[in-house]
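Student: model this:
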Amino acid sequence: MTAASMVRPLRHPEFRLGARDVALLTPGMAAWGVMTGVAIVKSGMSTIAVLLMSTIVFAGSSQLAALPLIASGAPVWVVLATAFCVNLRFVVFSLHLRRYVMHQPLWRRLFGGYLMADLGYVLVTRRYPDPPADAAGIAALEAYWLGNGLTGWTMWTVSTLVGVALGNSVPVSWGLGFAGILALVGVMASLVSTRLRVVSALVAGGAAIVAAALPFKLNILVAIVAAVVVCLVFEKAVPARAGPLGGR
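Tutor: Numbering: from 1, shown residues only. Reported below is the predicted structural model:
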């Protein structure tokens, strides 16, 4: 890999477009990142652990799910299982994006996967509904993906570090976390585009509410398992071309 080939995507017009598309979503992402930084400090982790989590872990939803468990002294398996289940959606994302990146070497796929967040997935697949087949299209996709991912990672890391710096001086009652949740709701609304996805969202939401009394936020695990099981049943029972839940 030459220096020229590494710099080339940064000069592509699609790189700037990808960066701009993410930057337009800054307010919600920044508020969510600040709240995550505050939550990291309040979890009681060491300074080194706080800085490492703020700069390396690019997964806001799993962080917010795991931090209360860490602070309450939950068993490690519960923390890991919760983070794993919260991020299971990325398995689906990666299966969809496989055709987009299988021509790349492993290190580029890993780096691109690290930069791929929820908003990035929505934006990339909306910009490129199908993987390009020609060299020019592939170069444009890679540039857009990189601009999108690098900008999103930078915005998230900076806002998280701001939250860490503010620490206990920022009261949770400010409602910054709610602004971040609104951003996630927007992402979910973009993804819930078929009847089966509507069913999965309703089942997950209902199960999370019903199981809200469980300790260690295990209602999240219950919601995910319930939605997956119900959707698998409907996948086998309802043909893709017809029926009330068709059109996946």
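
Student: could you list the low-confidence segments of this protein?
Tutor: Residue ranges of the chain with pLDDT under 70: 1-7, 168, 170-193, 238-248.

Student: strands of that one, residue ranges please.
Tutor: For the chain, no strands turn up when DSSP state E is the criterion.

Student: what about Ala201, how many neighbours?
Tutor: Look at Ala201: counted by other Cβ atoms under 10 Å, it has 15 neighbours. In short, each C-beta sits where N, CA and C put it, glycine included.

Student: packing partners for the longest helix along the chain?
Tutor: Longest helix in the chain, counting residues (DSSP state H): helix 135-166. Applying 3 or more Cβ pairs under 8 Å, 6 or more residues apart in numbering; DSSP states H and E, one finds that helix 135-166 makes contact with helix 3-11, helix 13-23, helix 26-42, helix 47-56, helix 106-115, helix 118-127.

Student: domain-wise, how is this structure divided?
Tutor: Per the record, the chain has its domains at 3-191, 193-248, by automatic domain parsing.

Student: of those domains, flag the one that's most buried.
Tutor: domain 3-191 (a mean of 17; mean count of other Cβ atoms under 10 Å).

Student: quick one: it to chain centroid distance?
Tutor: 5 Å (Cα atoms, centre = their mean, to the nearest Å).

Student: stretch 224-239 now?
Tutor: With Cα atoms, centre = their mean, you get 22 Å for stretch 224-239.

Student: now do the contacts for the nearest residue to Phe58 once chain neighbours are set aside.
Tutor: Nearest residue to Phe58, sequence neighbours excluded (Cβ to Cβ, 6 or more residues apart in numbering): Trp153, at 5.7 Å. Trp153 makes contact with Phe58, Leu115, Ala117, according to Cβ atoms under 8 Å, 6 or more residues apart in numbering.

Student: the second one against Tyr144, yeah?
Tutor: No: taking Cβ atoms under 8 Å as the contact criterion, Leu115 and Tyr144 are not neighbours in contact, 11.8 Å apart.

Student: coming back round to it: among the helices and strands packed on helix 135-166, which is nearest Ser94?
Tutor: With Cβ to Cβ as the measure, helix 106-115 is the member of the helices and strands packed on helix 135-166 nearest Ser94 (6.6 Å).

Student: can you list the helices and strands that the closest one packs against?
Tutor: With contacts taken as 3+ Cβ pairs under 8 Å, 6+ apart, helix 106-115 sits against helix 89-101, helix 135-166.

Student: returning to what we had before: what angle do the longest helix of the chain and helix 13-23 make?
Tutor: Interaxial angle, helix 135-166 versus helix 13-23 (axes from the mean of the first three to the mean of the last three Cα atoms, to 10 degrees): 30 degrees.

Student: renumber starting at 16 from here on
Tutor: Got it, the first residue is 16 from now on, which makes the last one we talked about helix 150-181.

Student: tilt between helix 150-181 and helix 133-142?
Tutor: Going by the same axes, to 10 degrees, helix 150-181 makes 160 degrees with helix 133-142.

Student: before we move on, the earlier item: can the helices and strands packed on helix 150-181 go into TSV with extra columns for distance to Ala227?
Tutor: What follows is those, written out as TSV (distance: least, Cβ to Cβ, whole Å):
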stretch	distance to Ala227
helix 18-26	45
helix 28-38	33
helix 41-57	20
helix 62-71	26
helix 121-130	32
helix 133-142	23
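
Student: Gly178: which of those helices is closest?
Tutor: Closest to Gly178 of the helices and strands packed on helix 150-181 is helix 41-57 (Cβ to Cβ; 2.0 Å).
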